[in-house]
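**Student:** Any chance you could fold what I've pasted below:
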Amino acid sequence: MGEVRLHTSSAGLDPALLEVGRDLVLHLDPAHGTDAPQGTYVFDFLDAQARHAADRAALDAVHRWRALVSEALTVDGVDWSFVWVLPLYQVANPAISRALALRQALSELDEPPLVLADSDPHTARLAAAVREDLGVRWRVATGARPPTLPARRIPPVALARRLRRAALRVATGLGAPSVVRRGSAAVHPYWPLMPVLDRMLADRRRAPALFLDKRPAGLGRSIRMAMRGGWIGLPTVTDRHRARAAAGRMAAALRREQPLSVGDLELGPLLHPQLVASALQRAPGDVAESAMLRRAFRSGRPRWVLGSWDIEPRARLVVLLAQEAGVRTLSLCHGAYLLPQPLADLDLCDEVALWCHETAPPITNWDRPIHVVGYPLPYHHPPPTRSRVPGRSRIVVLGQVGVPSTCVLDERITMRSYDTALKAIFARFPDASVCLRPHPSQDREAFPVLRSRFPDRDLREETAMDIIDLLRGVDLCIAGASTATLQGALTGTSVIALNLSGSEWPFPLGGDSAVPVARSAEELDSSLEEWQRRAALPGREDLLKGLGADGSDGAARVLSVLDGGAQPSDVGGAQEETDR
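**Tutor:** Residues are numbered from 1 along each chain as shown. Predicted coordinates for the structure are as follows:
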C-alpha cells in the first residue's frame, strides 16, 4: 500500500474525493457526516467498546496530569486543576481518542507511511506519538499549509441585543462590588430553575440574589432580584491585575513538559501543551472571579447558592467558595442525563435535587441529602398520545448533538441522524411536512446540505420556537438522546428514538422501555410503518417517568428544600437505580 494522507480536518475539502486507504481525516466537518466515505474518518476504526475505553483512558490521563501539576495550579488555597477538570478532560478526550483511532486505522491498513497534508502542530505531535508506537514513517507534504477550519452558520444577534451587551461591558469594565442581603439565596440560573426563581420573586418573603455575570432571561427578573436580594458583583481592576500575575506564575511553573502515557502511546508532547494552554486561558478570569466571590461570601450573608450543575468551572468555583464560607449549596439537575457521563456531575454540592432516579447523573457522592423533586417546569396533565390524522404527517426531527465529553458520538452523528430520518420519512410519507430542530449548541451547516438533497419536499428549519410549542404542533417526533425527546410526552406527541451511536442508551430510550427505538434505517422504517398503522405509538408513561413528570409540583419541592422542610429521598434506592 502507498502513503496515506492525514488531514487535520475535512473542512475545505470535497468529501467525495476522499479515498479509503489513501486519506484519513482527524476532524470531520459536521456537514460531511454522510458524504465522507466510510473508512476515511479515523473514528470509523473504533467500535463502541473501544470508544468507551478511550473515554476512560482520557479521564485517567487527566487525573494523572492533575497529580503532576496540582501544586503549580494551586493559588490561594484553590486547586485550579480540580476546578478546571471538565475543560481539561474536554481537551484530553479528543486528543487521546484520535490518537487511539489513528493507531487502530494504521494497524488495519498494514501500517503505511503517513503524509501530513497540512501543517497543524497538534497533528504533527499526534503522528509522532503513533510513529513511536508503530514505527511508521511520516513526513509533512511539500507546501503544506494550516488546515481550514469548519465554517459555522450562527444565527445573527439582533442589533438591540448587541448594543445592550456593549453598554453592559462598558458599564462593568471596572468591576462591581457585591451587595447581598443577609439570608438571601443567590441563584445561578438555568432554564429548569426559572419556575423556582419566578416563585421566589412572587413571594415577598423571599430574597433571591443575582449573579451579575450570569443573569436570568428577561431584564425584569434581574432588576427584581437585585432589589430583593442584592447581587454578587464582578471582579475589580485590582482583582484582574493580581490574577494576571498569578497566571504568569502558573505559566512559569508549567513550563516543563510532563510525560503522559496512554497504554503504549507516549502522549505528553501532544497533551501537555494543550492542557497548559487550556488552563492558562481560563486562569486570569477565573482567579479574578475567585477573589470577588470570596468577598461576597465571606460575610456569610447568602444563606443558599442555588444552581444546576457543579462540574462546569464557574459553577464549581461558586460551590467551592460558598462551602468555604459556610454557605449551603443546592443543585437542581439541568436536564435528563442520557448520554455517557465519564465525569460525575452534581458530586460536589451540599444537596442535590433530582428530577427522578431514572435519568439522574452518575453521582458517586451519596453521603448527603438527595431529594427527588420531579419535573421542575409547570405543566398541565399530559394528554394521551394523539392519533395521526390520515393524510397529514407533521414531523419534527431533533438534531442529535455530539458532546465533547465522550467520543462515543462522533462528528458523523448529526448528519447521519438527519439523513437517515429524512430518507425514511419521505420514502413512506412523500407529502410530509418536516421540521428540523438543531440543538442550541449545534452549528447550522447541516440544513443547507439537507435542503439541497430534498429540494422538492416540505422541509424547514426551526431554531427559535419554544420546544413545547413546537412539539405540540406536530404529530410525530424523531429524536436522539436529549431532554426534548422526553418532553414529547408532555404534549401528547408520538416519539421514536433514533439511536445510530452503536451504544445502548439508558431508560427510557433503551432498556425495558416501551418507546420505539430505531438503531438502523430499517428499524426506523418499521417504526414509521407502525405509526402509520396504529396512528399512535407506545411509550408515553416511560417518557413521563424519565422526566419525573409524576404530577407533583417540582418548583414547590425545591423551595421546600431551601426552607429546610424537605426530607431526603431514599438514597440507597437512588444509587442502585442510577448506577449504570
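**Student:** So what's the residue count around residue 148?
**Tutor:** For residue 148, the neighbour count with other CB atoms under 10 Å is 15. Placement of C-beta: from N, CA and C, glycine included.
**Student:** make that residue 87, sorry
**Tutor:** Residue 87 has 17 nearby residues by other CB under 10 Å.
**Student:** And residue 565, by the same measure?
**Tutor:** The burial count for residue 565: 9, using other CB under 10 Å.
**Student:** what comes up buried for the biggest helix by length in the chain?
**Tutor:** Looking across the chain with DSSP state H, the single longest helix is helix 268-298. The neighbour-count check on helix 268-298 (16 or more other CB atoms under 10 Å) flags 268-272, 274-276, 278-279, 282-293, 295-297 as buried.
**Student:** Stretch 456-464 too?
**Tutor:** 457, 459, 461.
**Student:** now stretch 382-402
**Tutor:** 382, 385-386, 388, 393-402.
**Student:** same deal with stretch 95-112?
**Tutor:** 95-106, 109, 111-112.
**Student:** Extract the C-alpha set from it and format it as CSV.
**Tutor:** The C-alpha trace of stretch 95-112 is given here as CSV (Å, rounded to 0.1, in the frame of the first residue of the first chain):
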residue,chain,number,x,y,z
ALA,A,95,-6.6,14.1,21.5
ILE,A,96,-6.4,10.7,23.2
SER,A,97,-9.3,9.2,21.3
ARG,A,98,-8.0,10.3,18.0
ALA,A,99,-4.5,9.0,18.8
LEU,A,100,-6.0,5.6,19.6
ALA,A,101,-8.2,5.8,16.5
LEU,A,102,-5.3,6.7,14.2
ARG,A,103,-3.2,3.8,15.6
GLN,A,104,-6.1,1.4,15.0
ALA,A,105,-6.6,2.7,11.5
LEU,A,106,-2.9,2.4,10.5
SER,A,107,-2.8,-1.1,12.0
GLU,A,108,-5.8,-2.2,9.9
LEU,A,109,-4.2,-0.6,6.8
ASP,A,110,-0.9,-2.5,7.4
GLU,A,111,0.9,0.5,8.8
PRO,A,112,1.5,2.6,5.7
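**Student:** mean confidence for that stretch?
**Tutor:** Averaged across stretch 95-112, pLDDT comes to 96.
**Student:** can you pull out the helices in the stretch 101-250 of the chain?
**Tutor:** With DSSP state H, counting those that start in this stretch, the ranges of helices along the stretch 101-250 of the chain come out as 121-134, 159-171, 194-202, 219-229, 237-253.
**Student:** Take these and lay them out in TSV including mean neighbour count and mean pLDDT.
**Tutor:** Listed next are these as TSV, based on neighbours: other CB atoms under 10 Å; pLDDT from 0 to 100:
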stretch	mean neighbour count	mean pLDDT
helix 121-134	19	92
helix 159-171	10	67
helix 194-202	19	97
helix 219-229	17	95
helix 237-253	16	96
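**Student:** Point out the one among those helices that comes closest to residue 335.
**Tutor:** Residue 335 lies closest to helix 194-202 among the helices of the stretch 101-250 of the chain, at 13.3 Å (CB to CB).
**Student:** Export only the CA atoms of the closest one, formatted as CSV.
**Tutor:** Output of helix 194-202 as CSV, limited to C-alpha atoms (Å, rounded to 0.1, in the frame of the first residue of the first chain):
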residue,chain,number,x,y,z
MET,A,194,-36.8,29.6,36.1
PRO,A,195,-40.0,28.4,37.6
VAL,A,196,-38.3,28.3,41.0
LEU,A,197,-37.0,31.8,40.6
ASP,A,198,-40.4,33.1,39.5
ARG,A,199,-42.0,31.6,42.6
MET,A,200,-39.3,33.3,44.7
LEU,A,201,-40.0,36.6,43.1
ALA,A,202,-43.7,36.2,43.6
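**Student:** ok and that helix relative to helix 219-229, angle-wise?
**Tutor:** 50 degrees (axes from the mean of the first three to the mean of the last three CA atoms, to 10 degrees).
**Student:** from now on call the first residue 15
**Tutor:** Will do, 15 is the new start, and the previous item becomes helix 208-216.
**Student:** Distance from helix 208-216 to the middle of the chain?
**Tutor:** 26 Å (CA atoms, centre = their mean, to the nearest Å).
**Student:** which other helices and strands contact that helix?
**Tutor:** Contacts defined by 3 or more CB pairs under 8 Å, 6 or more residues apart in numbering; DSSP states H and E place helix 208-216 against strand 198-201, strand 222-225, helix 233-243, helix 568-577.
**Student:** Among those, which comes closest to residue 19?
**Tutor:** strand 222-225 (48.8 Å).
**Student:** Give me the helices and strands touching that closest one, please.
**Tutor:** Right, strand 222-225 is packed against strand 198-201, helix 208-216, helix 233-243, strand 244-246 by 3+ CB pairs under 8 Å, 6+ apart.
**Student:** Mind checking the pLDDT average for the first one?
**Tutor:** I take that to be strand 198-201. 96.
**Student:** Just the CA atoms of it, as CSV, please.
**Tutor:** Only the C-alpha atoms of strand 198-201 are listed here, as CSV (Å, rounded to 0.1, in the frame of the first residue of the first chain):
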residue,chain,number,x,y,z
SER,A,198,-30.8,35.6,50.6
ALA,A,199,-30.5,32.7,48.1
ALA,A,200,-28.0,33.5,45.3
VAL,A,201,-29.4,31.9,42.1
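**Student:** So in that sheet, which strands flank it, and in what orientation?
**Tutor:** strand 222-225 (parallel), strand 316-321 (parallel) (DSSP bridges).
**Student:** if you average pLDDT over the shortest one, what comes out?
**Tutor:** Read it as strand 222-225. 96.
**Student:** returning to what we had before: and of the strands paired with strand 198-201, who's closest to residue 31?
**Tutor:** Proximity to residue 31, assessed across those by CB to CB, is greatest for strand 316-321 (48.1 Å).
**Student:** Skip ahead from that closest one and say which helix or strand is next.
**Tutor:** Sequence-wise, the next helix or strand downstream of strand 316-321 (DSSP states H and E) is helix 327-338.
**Student:** Quick one: low-confidence residue ranges for the protein.
**Tutor:** 15, 165-175, 177-186, 314, 584-594 (pLDDT under 70).
**Student:** domains of it?
**Tutor:** 15-164+248-297, 193-246+313-392+568-592, 408-561 (automatic domain parsing).
**Student:** which one of those domains lies closest to residue 176?
**Tutor:** That would be domain 193-246+313-392+568-592 among the domains of the chain, by CB to CB, at 15.3 Å.
**Student:** if we can go back for a sec, could the domains of the chain be laid out in CSV, adding distance to residue 187?
**Tutor:** Listed next are these as CSV, based on distance: least, CB to CB, whole Å:
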stretch, distance to residue 187
domain 15-164+248-297, 8
domain 193-246+313-392+568-592, 13
domain 408-561, 28
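**Student:** Many thanks, have a good one.
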